[in-house]
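S.K.: let's see this in three dimensions:
(2 chains)
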There are 2 protein chains.
Amino acid sequence: MSWLDEIKFDAAGLVPVIAQDEHTGRVLMFAYANREAVALSAEKSTAHYWTRSRQKLWHKGEESGHFQRIKEIRLDCDGDVLIYVIEQEGGIACHTGRESCFFRKLSGDTWETVDPVLKDPNAIYGHGHSH
Amino acid sequence: MSWLDEIKFDAAGLVPVIAQDEHTGRVLMFAYANREAVALSAEKSTAHYWTRSRQKLWHKGEESGHFQRIKEIRLDCDGDVLIYVIEQEGGIACHTGRESCFFRKLSGDTWETVDPVLKDPNAIYGHGHSH
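M.R.: This is a model prediction of the structure:
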């Protein structure tokens, strides 16, 4: 029995993954992984996901250079959610050029952008963009 | 236009929610919320979710007493994931009696339980159990 068999993937073969910064504890992004992505993340110690929009394996950083070094993988009580505790290359996880994808905060009845863009996405991705 | 309209709920009307401890930054649990649950969380400043297993609105703590005081709500870049930054009543978020649902860590090729049970679930829920 593999540790991978203890993860309950959903009907689409995916598991939600929370990526959390090892040092600050900040939640940097949220994505999905299939079995192969989880296996590769553990084996290579660099975060892999499954992109639902592009329907393919996604080695985070492959286009942006913003790789995520895996420090720890956690599984929840129900066995159907993972946390990748990571070290974020470049300090930028979000395709908008921000540290975290969670840069909007509810303020009264509006979503207020509270975190700065650290790097122009065009400079990160060249033309076109991808996560 | 309401701030709720900016949240992209999925086909089932749900949005994934990460509950994170305000003080420690620890990810305590992961669940889903529907529009009503998000609205109530903001309005009452106490976390509400939608339980998929029981298919109903879930005011976290209603059975366990482990309410979650909402300190901040964050939205991600794609508008389809939320973080509830919370203060955890009783210091226990998990139905197993642990601080966090993410108490298992990948260690070699096994999931190792690394966090203690702080309170016997039977003492929390009496007979039967629920999250």
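
S.K.: show me what contacts whichever residue of chain A sits closest to chain B?
M.R.: Going by C-beta to the nearest C-beta, chain B is nearest to residue A:25 of chain A, at 2.8 Å. The C-beta positions use only the backbone N, C-alpha and C, and glycine is treated the same way. Listed by C-beta atoms under 8 Å, 6 or more residues apart in numbering or on different chains, the contact partners of residue A:25 are B:24, B:25, B:26.

S.K.: was I right about the last one contacting residue B:98?
M.R.: Read that as residue B:26. No. Assessed by C-beta atoms under 8 Å, residue B:26 is found out of contact with residue B:98, at 11.1 Å.

S.K.: what about these two, which has more around it?
M.R.: Neighbour count, other C-beta atoms under 10 Å in any protein chain shown: between residue B:26 and residue B:98, residue B:98 has more, with 21 against 18.

S.K.: kindly report the residues of chain A close to chain B.
M.R.: A:2-3, A:6, A:16, A:18, A:20, A:24-27, A:29-30, A:42, A:72-78, A:81, A:83, A:94-96, A:98, A:101-106, A:109-111 (C-beta under 8 Å from any C-beta of the partner chain).

S.K.: weed out the non-buried ones from those residues.
M.R.: A:3, A:16, A:18, A:20, A:26-27, A:29-30, A:42, A:73-77, A:81, A:83, A:94-96, A:98, A:101-106, A:111 (16 or more other C-beta atoms under 10 Å in any protein chain shown).

S.K.: turn the contacts of residue A:25 into CSV, including pLDDT and secondary structure.
M.R.: Formatted as CSV, those follow (pLDDT from 0 to 100; DSSP: H, G, I helix; E, B strand; the rest coil):
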residue, pLDDT, secondary structure
B:24, 97, coil
B:25, 98, coil
B:26, 98, coil
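
S.K.: and which of these is nearest to residue A:64?
M.R.: Nearest to residue A:64 among these, counting by C-beta to C-beta, is residue B:25 at 24.5 Å.
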